[in-house]
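[1] Return atomic coordinates for the entry below.
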Amino acid sequence: MIEQCSTIDSVPAKSLELFSHVLNAHHIWNARILGKPAEYEVWQLHDPKDWGDIHYENQRSSFEIVTDADDFEKRIDYENSEGRLFTNTLQDILFHILNHSTHHRGQMAMDFRANDIEPLKLDYVFYKR
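    Residues are numbered from 1 along each chain as shown. From the prediction side, this is the model:
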């Protein structure tokens, strides 16, 4: 998606919002897991030229989390964006990061079509080919 957005003249506004949100949410979940303060707000907008760097840092941080994990059933306590306390397992949080991204990338595909832009094929099997 980052590569495709770098090739079009103007990223549709809704897609800009959605992909920035995906990057922010991934960052926020990583921060929660690591017990660090988040640097981004949930709906903070980013310039598409910065998406690659943010994505790279998110992936690096997630790789570190997975590599260092002794127990994927470890419970992580955190506050959501409204300040409510919750607990989930590391495994569930990591799955949520992926599932959340998939949901919003689907919304972006619909937004692209609504703006006469042919979206990428996002099915996992196409990625693995």
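[2] Can you mark which positions in stretch 35-46 are buried?
    By 16 or more other CB atoms under 10 Å, the buried positions in stretch 35-46 come out as 38, 40, 46. Quick note: C-beta positions are derived from backbone N, CA and C, even for glycine.
[3] Counting only strands, which of these make the cut?
    Assignment to strands by DSSP state E places none of the buried residues of stretch 35-46 there.
[4] In the chain, mark out all the strands, start to finish.
    Using DSSP E, strands in the chain cover 75-79, 85-89.
[5] Which strands border the last one, and is each parallel or antiparallel?
    Spelled out, that is strand 85-89. strand 75-79 (antiparallel) (DSSP bridges).
[6] quick one: the most centrally placed residue in the chain from His104, how far?
    When the chain is reduced to its mean C-alpha position, the nearest residue by CA atoms, centre = their mean turns out to be Val22, at 3.3 Å. Val22 sits 5 Å away from His104, taking CB to CB, to the nearest Å as the criterion.
[7] returning to what we had before: quick one: contacts for the residue nearest to the centre of the chain?
    For Val22, the contacting residues are 100-101, 104-105, by CB atoms under 8 Å, 6 or more residues apart in numbering.
[8] Adding mean pLDDT, write the strands of the chain out as CSV.
    Listed next are the strands of the chain as CSV, based on pLDDT from 0 to 100:
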stretch, mean pLDDT
strand 75-79, 96
strand 85-89, 98
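[9] how about TSV for those strands, with distance to Ser15 added?
    Shown next, in TSV, are the strands of the chain (distance: least, CB to CB, whole Å):
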stretch	distance to Ser15
strand 75-79	28
strand 85-89	28
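[10] now those strands as CSV including mean neighbour count?
    Below are these laid out as CSV (neighbours: other CB atoms under 10 Å):
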stretch, mean neighbour count
strand 75-79, 12
strand 85-89, 12
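[11] out of those, nearest to Ser61?
    The closest of the strands of the chain to Ser61 is strand 75-79. By CB to CB, the value is 14.3 Å.
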